[in-house]
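K.L.:
Pasting the sequence and the predicted model now:
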Amino acid sequence: MTSVLQVEGLSASYRKNKVLDHATFTVKPGTLTAIVGPNGAGKSTLLKTILELHPALEGSVSFFGASYAKVKSRVGYVPQRGSVDWDFPTDALDVVLMGLYGRIGWLRRPGKKHRQQALQALREMGMEEYASRQISQLSGGQQQRVFLARALVMDADLYLLDEPLAGVDAATEKAIMATLNLLKSRGKTVLVVHHDLQTVEDYFDHVLLLNRTVVAHGPTAETFTESLVHRAYGGTLRWKGVTSG
């Protein structure tokens, strides 16, 4: 199979501290992958560097065998909710419409067809009735659903999501995972920075264990093992109800 994403020797730093060190991995199409690792492991930095939102020190990244600049319209990104300015004066529908600007063009106004597409994406996330609600007036879970709707409306082939399940209620978590599985069933590829080790086996078919570099990557049954998880986390870690150090 042709790779959807290929990362070779990718390194990055913050304030001269290397937080990503020669990360190398390949993602195959139609997979739903959890990126897991301890705090400070470089998970968010990995996504941002892949998407050229943070400078790389070295290494290379290719999407569908091409540079990111050539295939941007095929890649959807949902950032951490805490990194977004939720006071920006816009409503939920306008946020979702932003996902179509790559197709519409930034200088053209969205038409009726585009608004219908955005409303359909909100409907799929159970947020249609909030279309005219100011984004700052929504709960954290509702905001996350709106951002996922923005990614959905792009109809991308690869989705990168940074902790979409962090701080959301159980209903939103269920809705998000149902959507991600629907995307997978449509042949899409999804990478998710994930923090809850207890749900990895239930939610994802592939796992990428990261601690500044890639410790292991592959099918969940083969990769999400006690020895490999401990290698990624080090120190004391609860593994399926057992504490070991």
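P.N.:
Thanks, I have it.

K.L.:
show me where this protein has strands.
P.N.:
Taking DSSP state E as the criterion, the chain contains strands spanning 5-14, 17-27, 32-36, 58-63, 75-78, 158-162, 189-193, 206-211, 213-219, 237-239, 242-244.

K.L.:
counting contacts, what elements does the second one pack onto?
P.N.:
Secondary structure elements in contact with strand 17-27, counted by 3 or more CB pairs under 8 Å, 6 or more residues apart in numbering; DSSP states H and E, are strand 5-14, helix 43-50, strand 58-63, strand 206-211, strand 213-219. Yep, even glycine has a C-beta here, placed from its N, CA and C like the rest.

K.L.:
and the longest one, what's its mean pLDDT?
P.N.:
Mean pLDDT, taken over the full extent of strand 5-14, equals 95.

K.L.:
okay, the angle between it and strand 206-211?
P.N.:
Counting by axes from the mean of the first three to the mean of the last three CA atoms, to 10 degrees, strand 5-14 lies at 20 degrees to strand 206-211.

K.L.:
same for strand 5-14, what does it pack against?
P.N.:
strand 17-27, helix 43-50, strand 58-63.

K.L.:
got the buried residues for it?
P.N.:
Applying a neighbour-count criterion of 16 or more other CB atoms under 10 Å, the buried positions in strand 5-14 are 5-7, 10-13.

K.L.:
Over to the last one?
P.N.:
For strand 213-219, the neighbour count (16+ other CB under 10 Å) marks 213-217 as buried.

K.L.:
got these as TSV, with distance to residue 166 columns?
P.N.:
Formatted as TSV, the buried residues of strand 213-219 follow (distance: CB to CB, whole Å):
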residue	distance to residue 166
213	23
214	22
215	22
216	23
217	22
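
K.L.:
Check the spacing between the residue most central in space within the chain and residue 182 real quick.
P.N.:
Closest to where the C-alpha atoms of the chain average out (CA atoms, centre = their mean) is residue 161, at 1.1 Å. Distance, residue 161 to residue 182, by CB to CB, to the nearest Å: 14 Å.

K.L.:
ok, now residue 77?
P.N.:
Counting by CB to CB, the gap from residue 77 to residue 182 is 18 Å.

K.L.:
on that earlier part again, check the buried residues of strand 5-14 against residue 58 and report the nearest one.
P.N.:
residue 11 (5.0 Å; CB to CB).

K.L.:
Quick one: residues contacting that closest one.
P.N.:
18, 20-23, 56-59 (CB atoms under 8 Å, 6 or more residues apart in numbering).

K.L.:
what do you get for residue 228?
P.N.:
Residue 228 neighbours (CB under 8 Å, 6+ apart): 209, 215-216.

K.L.:
same thing with residue 87?
P.N.:
residue 136.

K.L.:
what's the answer for residue 48, then?
P.N.:
residue 54.

K.L.:
All further residue positions should be reported with the first residue as 475.
P.N.:
Sure, I'll start numbering at 475, so the last one becomes residue 522.

K.L.:
pLDDT at it, what is it?
P.N.:
With respect to pLDDT, residue 522 has a value of 95.
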